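> My questions are about this predicted structure, shown below with the sequence.
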Amino acid sequence: MTTVTLVYPYFQPFNDRSIFRFPPLGLGYIAAYLRQHKVSVDLVDCTFLSQAEALERVARSDPEIIGIYSMFSIKKRSVELAEMLRKGSRLLVAGGPLPSLKPEAFLGTFDVVVIGEGEQTMLELVHAVKKGADLSGIKGIAYREGGVIKLTSKRGLIGNLDSIPFPAREFFDNKAYMDYHRRRSNHTVTTVITSRGCPFRCDFCSRPIFDERFRARSAKNIADEVEVVCVLGYDRIWFADDCFTFSRKRLIDVCDEMIRRGLRIDWECLSRVDTIDREATEKMRQAGCVRVFFGIESGNDSVLALMNKRTTTKQADEAVRLTKASGIQVGGFFIVGYPGETDETILDTIRFASSLPLDYLSFTLPYPIPGTPLYEREKDKMTLDEPEEPEHARLIDHNLMYRSSFSEAKLKFAIAKGMVQFKMRRHLKGPGYKLLGTPLERLTDSIFRRLH
């Protein structure tokens, strides 16, 4: 009998246009940690499974404990799956960002909620279940006892990330992930996580698992995992840290270690515009970096201050251009319609974003995620508990989850306008854009202002 089965409930069909479709490494870490401590474990990643296939997989493993991951965008699916798997004496455990923030919302369906990092907590939970012990001595959980919700003391963060084994990638359908990315981009890519925690406090960002304290793996440990990824046959890595470039010294150390070992694999990462310089980007390129994504978010400095980004449009412009000059492609993320914006600040963002020499551009609507200052301000205006996935592909998949001063149609018009301007600037140089793009920009500015 398998003691624990971990489930990532992201069923087909999923948005095939997303550039971010990767294995749930968080569960991979827990699986590897449990196995390191002689616990029988299975992992069911539903990304390429139907619901029926996933249920059959879980039933086949016949676990004593079922752990289901949940977050803001898949709460409904995780709860529905738990209800389907509720049989006999199985212990149902919820974990992930949303259960950590709102454990009470899950204890009507689940028996236990893991709050925060799950490796040590799940191990102690397994031992307690085996011994029939009281759960009150396990730090970092919530559970219901006699109709009353019990919260145990907070569990401390894992200090030495090198002590955690590499994620158990053999549980993931690596071939399916490779085929998916190859269809989309002619290369295969998987994730590596090299740090936990983010010290920045962006208004819209939630960090219920890893908290604010930045903890990093050593360059040697990271390079060891990169070698594992190479052996699996991937030709690109997405370093999925909140900000891979946060520590300049660590960034250089990682690059030097990869260069020293001759690890010839392309990689990309997420960065802030205030954490890199020319020397760093040139070292990154030498080590195989092919693309950097910046969370720029707005083209207006007053809105950036409202978001608590602690960056400026000038810093963003400089970071994008010096990264490009180092031979690295650049992607930029922007939010339109942030609470407190005006028509003119949105147009500032559209102009700024479309004028940058980006290789990839993404606009999104604001998403008030529980646990964020943005959510606390807008929670009384919420109209949806989680993003709704369209049954059919749409030009713009985002939906407005709260009562905004802007209509969803107006904000989607802004996004479409921004993407058209961006593509026109890329293909119409100088006089060409002035002849065709500028009149269109002025016309759509006027239309945007008149929309409600």
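Received it, and whenever you're ready, just let me know what you need.
> drop to CA atoms for contacts and neighbour counts, all remaining ones
OK.
> ok, L400 touching E408?
Yes. Contact criterion C-alpha atoms under 8 Å: L400 and E408 qualify, at 5.9 Å.
> Comparing these two, which shows the higher neighbour count?
Set L400 next to E408 and count neighbours by other C-alpha atoms under 10 Å: L400 wins out with 23 against 19.
> Relative to the whole chain's centre, how far out is the lengthiest helix in the chain?
If you go by DSSP state H, the chain has its longest helix at helix 408-427. Offset of helix 408-427 from its chain centre (C-alpha atoms, centre = their mean, to the nearest Å): 24 Å.
> What average pLDDT does the helix or strand following that helix get?
Heading C-terminal from helix 408-427, the first helix or strand you meet, by DSSP states H and E, is helix 431-432. Averaged across helix 431-432, pLDDT comes to 84.
> Also stretch 437-452?
Mean predicted confidence for stretch 437-452 is 96.
> Give me the contact list for it.
Stretch 437-452 is contacted from outside by D343, L347, F406, S407, K410, F413, A414, K417, Q421, M424, R425, L428, using C-alpha atoms under 8 Å, 6 or more residues apart in numbering.
> Please report how far the residue nearest to the fifth one when sequence neighbours are not counted lies from L443.
By that I understand K410. Distance criterion C-alpha to C-alpha, 6 or more residues apart in numbering; nearest residue to K410, sequence neighbours excluded, is L451 at 5.9 Å. As judged by C-alpha to C-alpha, to the nearest Å, L451 and L443 stand 13 Å apart.
> and G88, what pLDDT?
66.
> Kindly list the longest strand within this protein.
strand 289-297 (DSSP state E).
> R77 contacts Y8, correct?
No. Contact between R77 and Y8 fails when scored by C-alpha under 8 Å: they sit 9.8 Å apart.
> Check the model's average confidence along stretch 366-374 for me.
94.
> which residues touch it?
The contact list for stretch 366-374 (C-alpha under 8 Å, 6+ apart) reads 72, 98, 101, 203-208, 335-338, 375-376, 378-379, 400-401.
> Tell me the span between the first and last residue of it.
For stretch 366-374, the first-to-last residue distance is 9 Å (C-alpha to C-alpha).
> Pull the distance from that stretch to the chain's centre.
From the chain centre to the centre of stretch 366-374 is a distance of 14 Å (C-alpha atoms, centre = their mean).
> And that stretch, what's buried?
For stretch 366-374, burial by neighbour count (16 or more other C-alpha atoms under 10 Å) applies to P366, Y367, P368, I369, P370, G371, T372, P373, L374.
> Show me how the record splits the protein into domains.
Using automatic domain parsing, the domain ranges for the chain come out as 4-151, 187-450.
> Worst mean pLDDT among the ones you listed?
Among these, domain 4-151 carries the lowest mean pLDDT (a mean of 91).
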